[in-house]
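Colleague: Compute the structure for the input listed below.
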Amino acid sequence: MTVYITSGTLDFLKTIKAKYPAEKIMMMSSANGALLFHETARKTVFNEPRKYEVFESIGEMSGEGFVVMKNLPVTPEGHPIFEHHLKNQSRKLEGTPGFIALRGLRPLASNTYIIMIVWTDEKSFEDWHVTNSFLEGDKNNPENDDLPNIFESAPYISSYTIED
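Modeller: Residues are numbered from 1 along each chain as shown. Below is the predicted model:
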């Protein structure tokens, strides 16, 4: 499965989404802008998207929710370590109140991976973020000192609301 992401103004992206009702395209927005997320096994309908291969998938993407995307610039040597670690840690989210879906996205034209987690709402994410299970899981985070340095630079987080 491949994911294509394109950014733009909300109005412009709405026109693109409306042209392709049969495609699995989700509109997401935040105070800083909007994006379209196209998950498909076929070619994308976007002109110049960012391209990712899905290497980890839990749950079904739906037309609603709060999305947190953690963007992690990983060194080429660190790719297999990072993917192995995420696959081992991601299943811990299943059964968490408010959790809907997770996608681990391998970049096809850069080194910035995306861990995308969809929650029912922002409160569910915040509740999970402060729980002991999150803190326990964070001890095994690839960004900690227990693993070799596999990051090119600091990660950053962006969040969106699904507009469908």
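Colleague: okay, CA-based contacts and neighbour counts for the rest of this
Modeller: OK.
Colleague: host element of the most centrally placed residue in the chain?
Modeller: Centroid-nearest residue in the chain, with C-alpha atoms, centre = their mean: M116, separated by 1.8 Å. Per DSSP states H and E, M116 falls inside strand 112-119.
Colleague: ok, now which ones touch the residue nearest to the centre of the chain?
Modeller: Each residue near M116 by C-alpha atoms under 8 Å, 6 or more residues apart in numbering is listed here: V67, V68, M69, K70, L102, R103, G104, L105.
Colleague: Dump the residues you listed to CSV, plus distance to A154.
Modeller: CSV is the format used below for those (distance: C-alpha to C-alpha, whole Å):
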residue, distance to A154
V67, 20
V68, 16
M69, 14
K70, 11
L102, 21
R103, 20
G104, 18
L105, 17
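Colleague: Which of these fall in strands?
Modeller: When the contacts of M116 are checked against strands (DSSP state E), the matches are V67, V68, M69, K70, L102, R103, G104, L105.
Colleague: Double-check the last one against F55; I have them as touching.
Modeller: Yes - applying C-alpha atoms under 8 Å as the test, L105 and F55 come out as touching, 6.1 Å apart.
Colleague: and these two? which has more neighbours close in?
Modeller: Looking at L105 and F55 with other C-alpha atoms under 10 Å, you find the greater number of neighbours at L105, namely 23 against 15.
Colleague: one step back: from N47, how far off is the residue nearest to the centre of the chain?
Modeller: 23 Å (C-alpha to C-alpha, to the nearest Å).
Colleague: got it, and K14?
Modeller: 15 Å.
Colleague: Which residues in the longest helix that the chain contains does the neighbour count mark as buried?
Modeller: If you go by DSSP state H, the chain has its longest helix at helix 79-90. Residues of helix 79-90 classed as buried by neighbour count (16 or more other C-alpha atoms under 10 Å): H79, F82, E83, L86, S90.
Colleague: and it with strand 112-119, angle?
Modeller: Note on geometry: by axes from the mean of the first three to the mean of the last three C-alpha atoms, to 10 degrees, helix 79-90 and strand 112-119 are set 10 degrees apart in direction.
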